[in-house]
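>>> Return a 3D structure for these sequence lines:
(one chain, ligands or ions: 1)
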Amino acid sequence: MNNDIAPELLEKIEKQFDENIAKNEKIKKILEKIENKKATYQDVQEYAGELGKCLSNSFKLIVSEDTLPDGKFYYNIAQRLIEPTVKKNYESISKQCEIVQTNLNKNANIGIKAVVPKYNSERTDSIINYVSTRDKYSDCEKSFLDVLEHNARLIVDDSVKENAQFHDSVGLNPKIVRIASSGCCKWCSSLAGTYNYRDVSNTGNDVFRRHANCHCSVIYDPINGSRKVQNVWDKKIENKDELKKRIERINQSLINDNKKNYKLNLQMFAKYKSLRLDAHTRSELNTWLKHDEIESGTLMLKDIGDYRYYFVYNDFDNYTLYKKVKIRGRNRSK
Ligand SMILES: [Zn+2]
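Got it, this is the predicted structure:
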């Protein structure tokens with residue numbers, strides 16, 4: 001290769017992508033719905049699908065065997081075109097997921113902060129590896145374009161799963177609903193239905209799987225869960241004493257719930273009082289939360305370094321840590 005074509009191609013793809021988004025009426029409508037706090041996961045799922053299509057279409061128009069050297073998607077070109085555009089898509093989609101989840105939590109009266117799924121760099125790497133190991137771009141173009149949309153939808157599935165998992169861990173009873181898209185396959189029709197998150201939470205469970213071109217929705221709305229802890233999470237705080245009492249009640253409720261239902265978590269709550277929050281972690285939390293308006297008593301989780309921290313937000317710079325788990329084999333954000 002004499003001259004490097006990647007920067008120019010990337011610019012063209014990004015421009016095309018922005019144009020595609022700007023003229024997409026469905027995206028406009030969904031964003032309005034999200035802004036008006038009327039959106040559900042089904043809407044974000046559709047939004048992700050549309051964004052995926054916009055990206056896929058940009059590659060379709062800009063990249064071809066004629067534009068690629070030797071008609072091949074060499075690794076160093078693929079990497080520089082796919083990684084930034086897929087990442088941009090992730091940022092837009094995960095942001096809308098967060099807004100929707102925040103609102104769903106509010107509507108369900110649970111003081112729990114939305115979890116934002118991490119950028120999955122392994123998925124992107126596998127797309128890049130796939131296209132760059134084919135002899136000719138035409139050998140993989142169609143499935144590559146499909147996978148861009150597919151990949152976008154998976155981000156919403158991640159958000160559903162991670163938030164349901166968090167809610168499950170604090171004693172709610174999340175229900176996952178899978179809705180078959182019209183005209184989807186037999187396998188998808190057989191999977192449509194409502195499930196207890198706990199029954200489908202194992203890795204690789206079919207309810208959270210989708211085949212290529214599957215437009216089914218996997219949704220979660222905490223209002224459908226049991227409201228065991230609702231009454232202690234949703235009251236307004238009047239003063240510091242009240243706050244202290246409330247946190248105590250929350251802890252008590254979590255401990256009781258746990259004893260009754262979730263023996264596995266017993267240890268984590270028993271340890272609750274003694275967990276110390278080190279200065280470094282606290283400052284990381286401060287940086288993360290400094291621009292957010294958060295109600296006292298909100299429960300949240302955050303991955304920092306090798307650990308996932310579960311804690312209650314009492315006030316800015318004042319957090320009660322009740323669980324810290326080492327996370328292994330998870331995708332780290334870059
Ligand atoms: Zn399907």
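>>> Could you pull out the buried residues of the longest helix seen in the chain?
Ranked by residue count under DSSP state H, the longest helix found in the chain is helix 75-107. For helix 75-107, a neighbour-count test (16 or more other C-beta atoms under 10 Å) marks 77-83, 85-86, 89-90, 92-94, 96-101, 103-106 as buried. For the C-beta atoms, the positions are set from N, CA and C on the backbone; glycine is no exception.
>>> Run through the neighbouring helices and strands of it.
If you count contacts as 3 or more C-beta pairs under 8 Å, 6 or more residues apart in numbering; DSSP states H and E, helix 75-107 packs onto helix 6-22, helix 25-35, helix 41-62, helix 121-132, helix 141-169.
>>> a markdown table for those, including mean pLDDT?
Below are the helices and strands packed on helix 75-107 laid out as a markdown table (pLDDT from 0 to 100):
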| stretch | mean pLDDT |
| --- | --- |
| helix 6-22 | 97 |
| helix 25-35 | 97 |
| helix 41-62 | 97 |
| helix 121-132 | 96 |
| helix 141-169 | 94 |
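>>> Adding distance to Val177 and mean neighbour count, write the ones you listed out as TSV.
Shown next, in TSV, are the helices and strands packed on helix 75-107 (distance: least, C-beta to C-beta, whole Å; neighbours: other C-beta atoms under 10 Å):
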stretch	distance to Val177	mean neighbour count
helix 6-22	28	15
helix 25-35	19	15
helix 41-62	9	22
helix 121-132	24	17
helix 141-169	10	21
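>>> just so I know, which of those helices lies nearest the ion?
The closest of the helices and strands packed on helix 75-107 to the ion is helix 141-169. By C-beta to the ion, the value is 10.0 Å.
>>> Which elements pack onto that closest one?
Against helix 141-169 (3+ C-beta pairs under 8 Å, 6+ apart) you get helix 41-62, helix 75-107, helix 121-132, helix 197-200, strand 217-220.
>>> That one near the ion anywhere?
No - figure legend: helix 141-169 not in contact with the ion (C-beta under 5 Å from the ion); closest approach 10.0 Å.
>>> Run the chain-centre distance for that helix.
Mean-position distance between helix 141-169 and its chain equals 7 Å (C-alpha atoms, centre = their mean, to the nearest Å).
>>> likewise stretch 181-189?
24 Å.
>>> Contacts for that stretch next, please.
180, 211, 214-217 (C-beta atoms under 8 Å, 6 or more residues apart in numbering).
>>> how does it look with 6 Å?
Identification of contacts with stretch 181-189 by C-beta atoms under 6 Å, 6 or more residues apart in numbering yields 180, 215-216.
>>> ditto for stretch 7-27
By C-beta under 6 Å, 6+ apart, stretch 7-27 touches 50, 54-55, 57-58, 61-62, 81.
>>> Tabulate those in CSV, adding columns for distance to Glu162.
Converted to CSV, the contacts of stretch 7-27 look like this (distance: C-beta to C-beta, whole Å):
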residue, distance to Glu162
Glu50, 22
Cys54, 25
Leu55, 23
Asn57, 29
Ser58, 28
Leu61, 34
Ile62, 33
Leu81, 28
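>>> Now do the closest residue to Ser132 other than its chain neighbours against Val63, distance only.
Here the nearest residue to Ser132 in space, its sequence neighbours aside, is Tyr75; by C-beta to C-beta, 6 or more residues apart in numbering that works out to 3.9 Å. Tyr75 sits 14 Å away from Val63, going by C-beta to C-beta, to the nearest Å.
>>> do the same with Val312
49 Å.
>>> Identify the residues contacting Leu299.
Going by C-beta under 6 Å, 6+ apart, the list of residues near Leu299 reads 112, 312.
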